[in-house]
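Student: Build me a model:
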Amino acid sequence: TSKVAPGSIVLMGETGADGAVLNFFDGHRGGVSVDVAGRTVVLPPGHELVMTNKPGADFDAVNPFPEVPYRHVTEHRIDANVKVFIVEFSIPSAINAIAPIKQLFQSDRWQDKRLAKAILKTAAGMAILRRHHVPFRTSRRTQANPAT
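Tutor: Okay, the predicted model is just below:
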């Protein structure tokens with residue numbers, strides 16, 4: 001179960017056994033959270049949470065958005081059957097790679113422009129705060145097979 005505060009901007013995706021939430025913007029700390037097997041995980045802006053019931057899988061194998069570069073993978077075993085990954089993702093790359101987000105930025109509707117501006121605000125803040133961090137990397141799945 002995901003909890004998204006009003007005004008937050010998230011994208012959710014799934015591949016059957018795996019699910020993901022990308023937080024593009026939230027107006028306050030804790031604005032986006034995910035309940036996983038009875039535990040609440042708060043997801044900060046610019047971060048993706050991927051949950052899977054494949055205990056031996058790594059992040060690249062289960063990420064529903066392999067086209068979006070990421071860094072700082074943390075892995076959490078929730079129980080014997082559920083594993084959660086949390087990564088920081090590249091918001092500018094996600095804008096170009098994920099069709100619904102790209103369409104939001106191309107829209108002429110004032111409501112969409114407001115949402116796009118909020119996403120850019122998060123991207124700018126992340127760029128300033130994280131400018132000395134390690135570079136983003138792409139999924140091995142994308143490198144091996146660009147068609148996926």
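
Student: for the chain, where's the lowest mean pLDDT among helices and strands?
Tutor: Lowest by mean pLDDT, DSSP states H and E among the helices and strands of the chain is helix 140-144, with a mean of 53.

Student: Next, residue 94: phi, psi?
Tutor: Reported as degrees, to the nearest 10, the phi and psi values for residue 94 are phi -60, psi -40.

Student: Can you name the residues that contact it?
Tutor: 11, 22, 24, 65, 68, 101 (CB atoms under 8 Å, 6 or more residues apart in numbering). Yep, even glycine has a C-beta here, placed from its N, CA and C like the rest.

Student: Okay, it and residue 121: tell me how far apart.
Tutor: 15 Å (CB to CB, to the nearest Å).

Student: Just the helices from the chain, written as ranges.
Tutor: 59-62, 91-97, 99-106, 110-129, 140-144 (DSSP state H).

Student: how about the ones you listed, which one is nearest residue 79?
Tutor: With CB to CB, the closest approach to residue 79 among these belongs to helix 59-62: 16.4 Å.

Student: got the CA positions of the closest one in PDB?
Tutor: Provided in PDB are the C-alpha atoms of helix 59-62 (Å, rounded to 0.1, in the frame of the first residue of the first chain):
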ATOM      1  CA  PHE A  59      18.200  -4.400  -8.300                       C
ATOM      2  CA  ASP A  60      19.000  -4.500 -12.100                       C
ATOM      3  CA  ALA A  61      17.000  -7.800 -12.400                       C
ATOM      4  CA  VAL A  62      13.800  -6.400 -10.900                       C
END
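
Student: quick one: buried residues of that helix?
Tutor: For helix 59-62, a neighbour-count test (16 or more other CB atoms under 10 Å) marks 59-60, 62 as buried.

Student: what is the mean pLDDT for that helix?
Tutor: On average, the pLDDT along helix 59-62 is 91.

Student: Stretch 19-32 too?
Tutor: Rounded to a whole number, the mean pLDDT of stretch 19-32 is 92.

Student: buried set for that stretch?
Tutor: Under 16+ other CB under 10 Å, the buried positions of stretch 19-32 are 19-26, 31-32.

Student: again, but for stretch 28-46
Tutor: Buried, per 16+ other CB under 10 Å, within stretch 28-46: 31-34, 36, 41-43, 45-46.

Student: Any regions of this protein where pLDDT drops low?
Tutor: Across the chain, the ranges flagged by pLDDT under 70 are 131-132, 140-148.
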